[in-house]
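> let me see the structure of the following:
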Amino acid sequence: MANWFKRQKDPLTNEERMEVILKSCKQVGPGVFYSTIIVVTSFLPIFLLTGMEGKLFHPLAWTKTFILMVDAFLAITLAPVLISFFLKGRLKPESANPITRVLEKIYMPILQWCLRWRKTTIFINVMALIVGVVMMTRLGSEFMPPLDEGSLLFMPVTLPDVSNSEAKRLLQVQDKLISTSPEVAHVLGKAGRANTATDNSPVSMIETIILLKPKNEWRKGMTKDSIINDLNAKMQIPGVTNGWTQPIINRINMLSTGIRTDVGLKVYGQNLDSIYNFAQTIKKQLEGIDGIKDLYVEPITGGKYIDIVVKREEIGRYGLSVDDVNTVVESALGGMKLTTTIEGRQRFSVNARYGQDFRNNFAALKRIQVPTMNFGPVPLDAVADIKLSDGPPMINSENALLRGTVLFNVRERDLGSTVKEAQQKLNQMLVKLPKGYFLEWSGQWENQIRANRTLMMIMPVVIIIIFMVLYLTYKSVKESMVTMITVPFALVGGVFMVYYYGVNLSVAVAVGFIALFGIAIETAMLMTIYLNEAMENMVAKHGNSKENITPAVIREFVIEGAVKRLRPKLMTVSVGLFGLIPILWSTGVGSDIMRPITIPLIGGMISSTIYVLLITPVIFEMIKAAELKRNGKIQLIDVKE
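Residues are numbered from 1 along each chain as shown. Below is the predicted model:
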């Protein structure tokens, strides 16, 4: 090869060129195969995610997997063909590239310093790892990064016995107050349920969708949280409990967990009154916890009912039965079905009942006429007691148990620490609940616990599989461990980056770390392959015995292996960084989800590159020097890229 570089004309005949290409492809093939297995395996936890997080990130994992499979296929089929067309002319050595010379000029002194001060270098990295662990314990946690939908959903709840006219008045007043905010573009509210069987909202529940203007039209210094706080201050109406969320996430929460806020605490039991008392006690304990907003207990009592109790002694005097009185009440108040009208493909029932003026107050109800056989019509209050009573406006049950709910949103603080503080406070109070009563956390916290459990269960399996792939590559436990050690130091850079940007740990951040896992091992494999190749060159030149090899010789060839092909190593990392960095500058819809994935990837790729270029050669040299001292020779690993 050295003689080829000295030739003035094409150094290779057609047969020689094909032979070099064939040899190179055989050398690259195993590396492409094992690297693909490692990266695909690192995405296994994402494939096993369920629920909302699974639907969101499965396309990412499948896309990455298919790209790697196609890339591996093209690398061993199309790439050799293209190389045979373009690899022509006089060949130049790697040192002829000016970029390579500049990179080696910078890298060589730093690597030599690290090899000279090995313990200091390792100590610095261990300290960085400890600092990263401390930083990670100080990071907040949440299920998913909040997606800025560009709109707000105002969900106030008033008293269960509110009338239709009062609910309408409240809705109009609230819409007028909201529209006075300079950041609001449009307001649309509704009270009660929509014309669908899937909407069980009572009249006391109001839903107002608020469309916001573009951010460049907001007042200076305004954020979405400050807009919510500003509007919430205007909407303090007696008897109304405010709730703020966003339209899409609200529907997702209600469909997946049955909770319309970020977090809900479900209280199960046997008696509605006891459940309501427990819920009110919990609410008082949660008041004042930083981050808890829109705290509210779903009303179990407060509904108004008209009870009509038949006087059995009186109906006996008039010759009536209970069924006679109930039939009158049904036809007068509830409405009796007379017939069904058919209009095309639609069918409508025709009901008859008293007019509004004959049933809109207690006096009118008492005057409802009940016909008798012998005494003529008698007023309803002569044969029944009519009274107003309290009761549950809606009975909620789950798993065959009665259920009450304490609802709250989390703002201006991370979800994880808020719920944990609430749990600690409640655990001190609720030492023991009565038999048949228990609590259950729901909402976003329920999703977060499920996702964390899945990731914690599968990650050890992934590590074992990757270690087995590395062992099949190196046929050495030590070499596999050297490569695996890269992972925690790569994660340190991701943690530093996440801490700097103030991002909470979430499923999105975990996906970023999972993607980093495979990339870090792939980069370390590349360095280990070149270092082992340098050891083979050393043995070929000096032999493999303590008499011929000294620590100085080992260091010389370690430096040679580390510096070899420095430009391709940095190009591999640079291509990834150049593709990821623009995501940090994105501001459109969806950037809230993509940025937490990207941040740990960028930080981890930088730290893993530093570790692979500086620390891996140090550890490799220490291992080979120990082998030489203990065995009188070094162990050669026959591994191909």
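> flag every buried residue along the strand or helix carrying Ile122.
Assigned by DSSP states H and E, Ile122 belongs to helix 118-138. If you call a residue buried by 16 or more other Cβ atoms under 10 Å, then helix 118-138 has these buried ones: 118, 121, 125, 128, 132, 136. In short, each C-beta sits where N, CA and C put it, glycine included.
> and for stretch 409-423?
409-411, 413-419, 421-422.
> thinking again about what came up before, now render the buried residues of helix 118-138 as a markdown table, adding distance to Gly303 and pLDDT.
Output for those, formatted as a markdown table (distance: Cβ to Cβ, whole Å; pLDDT from 0 to 100):
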| residue | distance to Gly303 | pLDDT |
| --- | --- | --- |
| Arg118 | 76 | 84 |
| Thr121 | 72 | 85 |
| Asn125 | 65 | 84 |
| Ala128 | 61 | 87 |
| Gly132 | 55 | 86 |
| Met136 | 49 | 84 |
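> quick one, helices of the stretch 151-300 of the chain?
Taking DSSP state H, counting those that start in this stretch, the helices of the stretch 151-300 of the chain run over residues 164-179, 224-234, 247-257, 272-286.
> got the contact list for the last one?
Around helix 272-286, the neighbours that count as contacts under Cβ atoms under 8 Å, 6 or more residues apart in numbering are 265, 267-269, 292, 295-301, 392, 395, 402-406, 408, 422, 425-426, 429-430, 433-434, 437, 439.
> now a PyMOL select for only the buried ones of those.
In PyMOL syntax, the buried subset of these is picked out as below (16+ other Cβ under 10 Å):
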select buried, resi 265+267+268+269+292+295+296+297+298+299+300+392+402+403+404+405+406+408+422+426+437+439
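> which parts of this structure belong to which domain?
Following automatic domain parsing, the chain resolves into domains at 23-78+93-144+449-631, 150-245, 303-391.
> surely Met222 meets Leu212?
No - if you go by Cβ atoms under 8 Å, Met222 and Leu212 don't touch, sitting 10.1 Å apart.
> show me which of these two is the more surrounded one.
Neighbour tally, Met222 and Leu212, criterion other Cβ atoms under 10 Å: the higher count belongs to Leu212, 19 against 14.
> that one and Leu152 touch, don't they?
Yes - between Leu212 and Leu152 there is a contact at 6.8 Å, judged by Cβ under 8 Å.
> mind listing the shared neighbours of the two?
224, 227.
> beyond the longest helix along the chain, next helix or strand please.
The longest helix of the chain (DSSP state H) is helix 507-542. The helix or strand immediately downstream of helix 507-542 is helix 551-563, counting by DSSP H and E.
> downstream of that next one, the next helix or strand is which one?
On the C-terminal side of helix 551-563, the closest following helix or strand by DSSP H and E is helix 566-584.
> from Phe33, how far off is Thr473?
9 Å (Cβ to Cβ, to the nearest Å).
> ditto for Asn452
33 Å.
> just the mean pLDDT for the lengthiest strand in the chain, thanks.
Using DSSP state E to define each element, the chain has its longest strand at strand 401-410. Throughout strand 401-410, pLDDT has a mean value of 87.
> what packs against the helix or strand just after that strand?
Next along the chain after strand 401-410, taking DSSP H and E as the criterion, comes helix 415-429. Applying 3 or more Cβ pairs under 8 Å, 6 or more residues apart in numbering; DSSP states H and E, we find helix 415-429 packed against strand 263-269, helix 272-286, strand 438-443, helix 444-474.
> Val350 looks like it's in a strand, true?
Yes - counting by DSSP: H, G, I helix; E, B strand; the rest coil, Val350 is located in a strand.
> phi and psi next, for the residue of the chain most remote from its centre.
Most distant from the centre of the chain: Asn374, at 74.2 Å, with distances by Cα atoms, centre = their mean. Here the main-chain torsion angles of Asn374 (degrees, to the nearest 10) amount to phi -120, psi -20.
> name the nearest residue to it, ignoring sequence neighbours.
Gly319 (6.1 Å; Cβ to Cβ, 6 or more residues apart in numbering).
> for that neighbour, give me phi and psi.
The phi/psi pair for Gly319 (degrees, to the nearest 10) reads phi 70, psi 30.
> go on, Phe143?
Per degrees, to the nearest 10, the backbone of Phe143 is at phi -70, psi -60.
> I'd guessed it sits against Gln448; true?
Yes - using Cβ under 8 Å, Phe143 is in contact with Gln448, at 3.9 Å.
> overlap in contacts of those two?
Contact criterion Cβ under 8 Å, 6+ apart; residues shared by Phe143 and Gln448: 415, 506-507.
> now tabulate the residues you listed in TSV and tack on pLDDT and distance to Gly355.
Converted to TSV, the shared contacts of Phe143 and Gln448 look like this (pLDDT from 0 to 100; distance: Cβ to Cβ, whole Å):
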residue	pLDDT	distance to Gly355
Leu415	85	53
Ser506	85	58
Val507	85	58
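> that older thread, more neighbours, Phe143 and Gln448?
Using other Cβ under 10 Å, the more surrounded residue of Phe143 and Gln448 is Phe143, with 26 against 23.
> tell me which residues touch that one, please.
Phe143 sits next to 53, 415, 444-445, 447-448, 451, 506-507 when contact means Cβ under 8 Å, 6+ apart.
> rerun at 10 Å
Contacts for Phe143 (Cβ atoms under 10 Å, 6 or more residues apart in numbering) come out as 51-53, 262-263, 415-416, 443-452, 504, 506-508.
> over to Val184?
Shown in contact with Val184 (Cβ under 10 Å, 6+ apart): 151-152, 178, 210-213, 227, 231.
> ditto for Arg116
The contact partners of Arg116, by Cβ under 10 Å, 6+ apart, come to 555, 618.
> show me which positions of stretch 45-58 end up buried.
Residues 45-46, 48-49, 51-54, 56-57 are the ones in stretch 45-58 that count as buried (16+ other Cβ under 10 Å).
> and those residues, which is closest to Ala75?
Closest approach to Ala75 among the buried residues of stretch 45-58 (Cβ to Cβ): Ile46, at 23.8 Å.
> which residue is the nearest non-sequential neighbour of the closest one?
Spatially, and ignoring its direct neighbours in sequence, Ile46 is nearest to Ala61 (4.1 Å; Cβ to Cβ, 6+ apart).
> what about the one you found, how many residues close to it?
Ala61: 22 neighbours (other Cβ under 10 Å).
> packing partners for the one helix or strand it maps to?
Assigned by DSSP H and E, Ala61 belongs to helix 51-76. Secondary-structure packing of helix 51-76 (3 or more Cβ pairs under 10 Å, 6 or more residues apart in numbering; DSSP states H and E): helix 14-42, helix 44-47, helix 78-86, helix 247-257, helix 444-474, helix 507-542, helix 591-610.
> now distance to Asp307 too, for those helices, in JSON lines please.
Output for the helices and strands packed on helix 51-76, formatted as JSON lines (distance: least, Cβ to Cβ, whole Å):
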{"stretch": "helix 14-42", "distance to Asp307": "65"}
{"stretch": "helix 44-47", "distance to Asp307": "57"}
{"stretch": "helix 78-86", "distance to Asp307": "82"}
{"stretch": "helix 247-257", "distance to Asp307": "33"}
{"stretch": "helix 444-474", "distance to Asp307": "39"}
{"stretch": "helix 507-542", "distance to Asp307": "51"}
{"stretch": "helix 591-610", "distance to Asp307": "52"}
